[in-house]
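J.: My questions concern the predicted model and sequence given below.
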Amino acid sequence: MHRIYGIPFASVYPLYITKVEKKGRTTAELDEVIEWLTGFDDAQLRAHLEDSTTFQDFFDDAHLHPNASQITGVICGMRVEEIEDPLMQKIRYLDKLVDELAKGRAMEKILRGS
């Protein structure tokens, strides 16, 4: 088991906020991206943050968007579409979306036209 699976999502979330805000994006946009990917509503996302849910449990509870497989490209030196471990792929999908948000990509493109 990779150690990131046991890390609380709430401990990484502030890093995502810092990353996107440095580039002029908002926490609301970040939440929209996370909720699009996971199928969570705002209350469910907040509950996971308050409960310090691990990445494993966070994604076990998620219902990935049907268009998530359209997320492609390189993150942390790996092509997300080629990652074989399903949980690691979901985590890297999220990383890729956060990167796209921070790079100023249009929200419609980040959300894969949804």
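T.: Right, received. Where do you want to start?
J.: any idea how far the nearest residue to Ala68 once chain neighbours are set aside lies from Val80?
T.: Of all residues beyond its chain neighbours, the one nearest Ala68 is Tyr93 (5.6 Å), with distances taken as CB to CB, 6 or more residues apart in numbering. Bear in mind the C-beta positions are built from the backbone N, C-alpha and C, glycine included. To Val80, Tyr93 is 6 Å away according to CB to CB, to the nearest Å.
J.: Name the residues contacting each of the two.
T.: Taking CB atoms under 8 Å, 6 or more residues apart in numbering as the criterion, Tyr93 and Val80 both touch Ile71.
J.: Which positions in stretch 24-44 come out as buried?
T.: Of all the residues in stretch 24-44, those buried under the rule 16 or more other CB atoms under 10 Å are Arg25, Leu30, Asp31, Glu32, Val33, Ile34, Glu35, Trp36, Leu37, Thr38, Phe40.
J.: of the residues you listed, closest to Leu97?
T.: Checking these against Leu97 with CB to CB, the nearest one is Val33 at 4.8 Å.
J.: List the contacts of the host helix or strand of the closest one.
T.: In this structure, Val33 is located in helix 27-38 according to DSSP states H and E. With contacts defined as CB under 8 Å, 6+ apart, helix 27-38 is touched by 16-17, 20-21, 40-42, 45, 58-59, 62-65, 68, 90, 93-94, 97-98, 101, 107, 110-111, 114.
J.: and if you look at stretch 41-58?
T.: 4-13, 31, 34-35, 38, 40, 61, 87, 91.
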